[in-house]
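*Asks:* fold the following, please.
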Amino acid sequence: MASLKDCQYYKAYLEIIGVPHGAPDYATLPNGRVIVEMHEVKCRRIINGVRYGVVVGSRGALCNHLKKQHDLDRAPGLDLHRPSHADVMAAKAFYKGLMDRHDQILKQENAAMAQRAQEIVAKAGQGVRFAAISTLLATPRLGWYVLCSYPD
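*Replies:* Purely as a prediction, here's the structure:
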């Protein structure tokens, strides 16, 4: 039986700290209820352009958070005890899209930060020593450029 346990995108979703970059707000049905994805544990609610970003321990806890903090009810219909193959495949597609968008945004941020670091190094000339500029290339989802300057 298919499950999210073997889905690399769901594993990546769980590994990152906070909500993935570019995560959309919840889809709302005409009756006002929101769709909470299978095994989702991170609040994607956006209020006045700001992501809420709470991380909880389970989908049930997320649904309680949405009700208590945002007055949102979860749309019924997903049986987590015996999800259909179609439900699992839809969840995998959701997490793939979520993490692909996250990776795309991080790649753009890293490229911009690398360009800025190169500009700083070029502008500094000989008078300043710089620590190594490094990226966490082994974990691109966590990649950040670090630039430290030390005056002589």
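
*Asks:* helices and strands around the biggest helix by length in the chain, which ones?
*Replies:* Looking across the chain with DSSP state H, the single longest helix is helix 85-124. The contact analysis (3 or more CB pairs under 8 Å, 6 or more residues apart in numbering; DSSP states H and E) places helix 85-124 against helix 8-15. For the C-beta atoms, the positions are set from N, CA and C on the backbone; glycine is no exception.

*Asks:* point out where the protein drops to low pLDDT.
*Replies:* 1, 78-80, 121, 124-152 (pLDDT under 70).

*Asks:* show me the contacts for the residue nearest to the spatial centre of it.
*Replies:* Centroid-nearest residue in the chain, with CA atoms, centre = their mean: P20, separated by 0.9 Å. If you count contacts by CB atoms under 8 Å, 6 or more residues apart in numbering, P20 has them with Y13, K42, L98, M99, R101, H102.

*Asks:* that one: which element?
*Replies:* Here P20, judged by DSSP states H and E, is contained in no helix and no strand.

*Asks:* for A91, see how far away it is.
*Replies:* 15 Å (CB to CB, to the nearest Å).

*Asks:* P30: how many residues sit nearby?
*Replies:* 5 (other CB atoms under 10 Å).

*Asks:* my bad, E37
*Replies:* Around E37 there are 21 residues (other CB under 10 Å).

*Asks:* for the closest residue to it other than its chain neighbours, give its distance to D87.
*Replies:* Counting by CB to CB, 6 or more residues apart in numbering, F94 is the residue found nearest to E37 once chain neighbours are left out, at 5.2 Å. Going from F94 to D87 by CB to CB gives 11 Å.

*Asks:* try D25
*Replies:* Applying CB to CB to D25 and D87 gives a distance of 21 Å.

*Asks:* neighbour count winner among these two?
*Replies:* Using other CB under 10 Å as the criterion, D25 and D87 rank with D87 on top: 17 against 12.
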